[in-house]
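> show me the folded form of this:
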Amino acid sequence: MKNPRPSNIVILIFVSILALFVIFAIGAIINYVSNARESDEGLGVPEQELLN
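Numbers count the residues shown, from 1 in each chain. Take a look at the predicted model:
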């Protein structure tokens, strides 16, 4: 049996790039949801108290 060394490297690179993209997407979704909540609630007094 041949050892698929180059394919393993390609798979590792692909998985690492995919993981970074997933982390970025999760952060963007959390940021979007938090901005949407602030705009919907208006003043957002409880959130401001938590931030202070």
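
> biggest helix in this structure by residues?
In the chain, taking DSSP state H as the definition, the longest helix is helix 5-41.

> packing partners for that one?
In terms of contacts (3 or more C-beta pairs under 8 Å, 6 or more residues apart in numbering; DSSP states H and E), helix 5-41 is packed against helix 45-51. (Each C-beta comes from the backbone N, C-alpha and C, glycine too.)

> now do the helix it packs on, average pLDDT.
On average, the pLDDT along helix 45-51 is 55.

> same thing with stretch 25-32?
94.

> kindly export that stretch (C-alpha atoms) in CSV.
This file holds the C-alpha atoms of stretch 25-32, laid out as CSV (Å, rounded to 0.1, in the frame of the first residue of the first chain):
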residue,chain,number,x,y,z
ALA,A,25,-18.5,33.1,10.2
ILE,A,26,-19.6,32.3,13.8
GLY,A,27,-18.0,35.6,15.0
ALA,A,28,-19.8,37.5,12.2
ILE,A,29,-23.1,35.9,13.0
ILE,A,30,-22.8,36.8,16.7
ASN,A,31,-21.8,40.3,15.9
TYR,A,32,-24.8,40.7,13.5
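
> list the contacts of it.
Residues from elsewhere that reach stretch 25-32 (C-beta atoms under 8 Å, 6 or more residues apart in numbering): none.

> so which bits of that stretch are buried?
Residues of stretch 25-32 classed as buried: none (neighbour count, 16 or more other C-beta atoms under 10 Å).
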